[in-house]
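# show me how the following folds:
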Amino acid sequence: MVEIKSKREIELMREACKLAIATQRKVEEAIRPGISTMELDKIAEDFIKKNNAIPAQKNYPHPDSRISPFPATLCISINDEVIHGIPSKKVLLKEGDIVSVDLVVLKNGFNGDCARTYTVGKISDEAKKLIEVTKQAFFEGIKFAKKGYRIGDVSHAIGEFVTKNGYSVVKEFQGHGIGRNMHEDPAIPNYGKAGKGIRLEPGMTLAIEPMVMIGNDDILELDDGWTIVTESGNLAAHYENTILITEKEPEILTN
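This is a model prediction of the structure:
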């Protein structure tokens with residue numbers, strides 16, 4: 001069941017989302033060659049807690065109960081890591097890396113979710129294009145994130161744009177509804193058929209998140225049970241915002 005948020009709930013969502021994107025800015029400012037991903041994680045956690053909120057991804061349970069909960073504030077995925085990379089003192093960023101940072105803030109009982117892919121120093125033209133296409137795929141998708149359209153319209157637009165540019169989307173992971181819970185209905189794949197799925201209504205809050213790879217769409221899960229990488233070793237990028245369906249254009253809450 002897809003929850004329609006009240007005006008008060010939407011205001012609380014805006015607060016959580018505002019803090020989420022402010023946290024992204026703090027992380028972006030700190031990115032440089034030589035910094036560890038654990039240092040970036042600490043910057044984010046300290047900033048979130050300073051603003052009377054909770055890093056929602058920390059201790060988030062894995063679907064498989066045999067695997068430990070996610071141990072950090074940020075998912076930091078480097079180069080061929082697609083999503084859910086675990087921060088580490090041993091992992092240092094280096095010139096030419098691309099770094100996807102996914103974070104969720106829980107404030108006043110509501111979640112704000114966003115992801116960005118950043119560059120470390122000078123990167124290849126191939127990496128630049130991947131990041132640009134991934135970001136634009138989000139904006140192609142939300143052209144259809146309006147009252148009366150269906151989830152499939154959003155999914156189809158994202159997938160078509162990515163494929164047209166010669167890349168692949170991750171099919172095993174997808175966007176989602178969001179609110180009091182980090183993951184709510186509906187599921188929002190990054191590919192699909194137009195005209196299918198639930199109809200969008202004002203008051204829905206959604207996390208739309210293209211995950212895009214160079215080459216084919218095959219992925220692997222690392223032994224930590226969390227980190228997802230491209231099977232080919234090619235680069236991947238991630239771009240996500242929490243949005244609100246309104247009577248007119250969608251509102252990007254993590255803008």
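# and the helices in the stretch 101-250 of the chain, which stretches?
125-142, 151-164 (DSSP state H, counting those that start in this stretch).
# pick the most buried one from the ones you listed.
Mean neighbours per residue, mean count of other CB atoms under 10 Å, is largest over the helices of the stretch 101-250 of the chain for helix 151-164, with a mean of 22. C-beta coordinates here come from the backbone N, C-alpha and C atoms, glycine included.
# give me the mean pLDDT for it.
Helix 151-164 shows a mean pLDDT of 98.
# now that helix, how far from the chain's geometric center?
Offset of helix 151-164 from its chain centre (CA atoms, centre = their mean, to the nearest Å): 16 Å.
# what's in contact with it?
With CB atoms under 8 Å, 6 or more residues apart in numbering as the test, helix 151-164 has contacts from 133-134, 136-138, 140-145, 168-169, 186-198, 200, 208, 210, 212.
# just the buried ones from those?
Among these, those classed as buried by 16 or more other CB atoms under 10 Å are 133-134, 136-138, 140-142, 144-145, 168-169, 186, 188-192, 197, 200, 208, 210, 212.
# the helices of the stretch 101-250 of the chain: which one's closest to residue 4?
With CB to CB as the criterion, residue 4 lies closest to helix 151-164 of these, at 14.9 Å.
# got the angle for the closest one vs helix 125-142?
Taking axes from the mean of the first three to the mean of the last three CA atoms, to 10 degrees, helix 151-164 and helix 125-142 form an angle of 160 degrees between their directions.
# re the thing from before, just checking, which of the contacts of helix 151-164 belong to strands?
Residues of those located in strands (DSSP state E): 168, 169, 186, 187, 188, 208, 212.
# which two among the residues you listed are spaced furthest apart?
Most distant of the ones in strands among the contacts of helix 151-164, by CB to CB, are 168 and 186, 22.8 Å apart.
# make CSV from the ones in strands among the contacts of helix 151-164 and add distance to residue 55 and pLDDT to it.
CSV is the format used below for the ones in strands among the contacts of helix 151-164 (distance: CB to CB, whole Å; pLDDT from 0 to 100):
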residue, distance to residue 55, pLDDT
168, 30, 98
169, 27, 98
186, 25, 97
187, 24, 98
188, 23, 98
208, 21, 98
212, 26, 98
